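K.L.:
Sharing a model that was predicted from the sequence below.
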Amino acid sequence: MRLVRSLGLAALLATVAAGGGYAQSDLEVRQKKQELELIDTAKETNKECESEIAIAFDWTNVPADRISSFSAVSYCDNMLYSVRRICGDKDGKAAVKQEIKSISCGFGPERTMSLKDGKLDYKIQFDSSNDADFAYEYLMNHL
């Protein structure tokens with residue numbers, strides 16, 4: 001009986017430590033997993049660009065009916081691919097290192113990009129196409 005109570009206490013402590021005192025929802029677990037995948041993808045970009053660009057996903061405008069069926073990484077990687085493409089030559093790499101300090105990627109009512117004070121902000125539409133080309137063109141014109 002004491003062993004069962006000890007195991008139960010250990011399980012409770014593990015749950016509290018992992019979830020901040022509450023059970024995480026499937027949505028929160030999915031978001032954390034995707035954020036970790038995005039960080040891994042950002043490492044590839046930073047390696048290619050010889051940079052230390054911080055990246056984050058903005059979950060604010062993700063449509064609730066689609067949140068379980070998309071991957072933040074796949075949407076954001078189109079833009080990160082464009083950053084890596086810019087870093088393919090010496091001048092592009094220098095521009096990225098100088099101009100981009102952080103990247104925020106998320107969804108919005110329309111696809112937009114902005115670069116201000118070192119922060120590249122990319123908003124995606126679920127139904128947009130050619131996101132990599134859109135991002136590459138923006139970066140070529142603003143770096």
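P.N.:
Nice, I can see it.

K.L.:
How about the secondary structure of residue 123?
P.N.:
strand (DSSP: H, G, I helix; E, B strand; the rest coil).

K.L.:
ok, it to residue 97 distance?
P.N.:
Separation of residue 123 from residue 97 (CB to CB, to the nearest Å): 24 Å. Where you see a C-beta, it was placed from the backbone N, CA and C, and this is true even at glycine.

K.L.:
more neighbours, those two?
P.N.:
The neighbour comparison of residue 123 against residue 97 (other CB atoms under 10 Å) goes to residue 123, with 18 against 15.

K.L.:
The more buried one bridge partners, please.
P.N.:
Under the criterion DSSP bridges, residue 123 forms beta bridges with residue 106, residue 112.

K.L.:
Could you pull up the contacting residues of it?
P.N.:
By CB atoms under 8 Å, 6 or more residues apart in numbering, residue 123 lies in contact with 61, 106-108, 110-113.

K.L.:
got it, and residue 105?
P.N.:
38, 55-58, 72, 75-76, 79, 122, 124.

K.L.:
Filter those down to the buried ones.
P.N.:
38, 55, 57, 72, 75-76, 79, 122, 124 (16 or more other CB atoms under 10 Å).

K.L.:
ok so, going back, among the contacts of residue 123, which one lies nearest to residue 84?
P.N.:
The closest of the contacts of residue 123 to residue 84 turns out to be residue 113 (CB to CB; 15.7 Å).

K.L.:
Now do the contacts for the closest one.
P.N.:
By CB under 8 Å, 6+ apart, the residues touching residue 113 are 79, 120-123, 134-135, 138-139, 142.

K.L.:
got JSON lines for those residues, with pLDDT and distance to residue 93 too?
P.N.:
Formatted as JSON lines, the contacts of residue 113 follow (pLDDT from 0 to 100; distance: CB to CB, whole Å):
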{"residue": "79", "pLDDT": "91", "distance to residue 93": "17"}
{"residue": "120", "pLDDT": "97", "distance to residue 93": "15"}
{"residue": "121", "pLDDT": "96", "distance to residue 93": "21"}
{"residue": "122", "pLDDT": "95", "distance to residue 93": "20"}
{"residue": "123", "pLDDT": "93", "distance to residue 93": "25"}
{"residue": "134", "pLDDT": "94", "distance to residue 93": "21"}
{"residue": "135", "pLDDT": "95", "distance to residue 93": "17"}
{"residue": "138", "pLDDT": "96", "distance to residue 93": "17"}
{"residue": "139", "pLDDT": "96", "distance to residue 93": "12"}
{"residue": "142", "pLDDT": "96", "distance to residue 93": "16"}
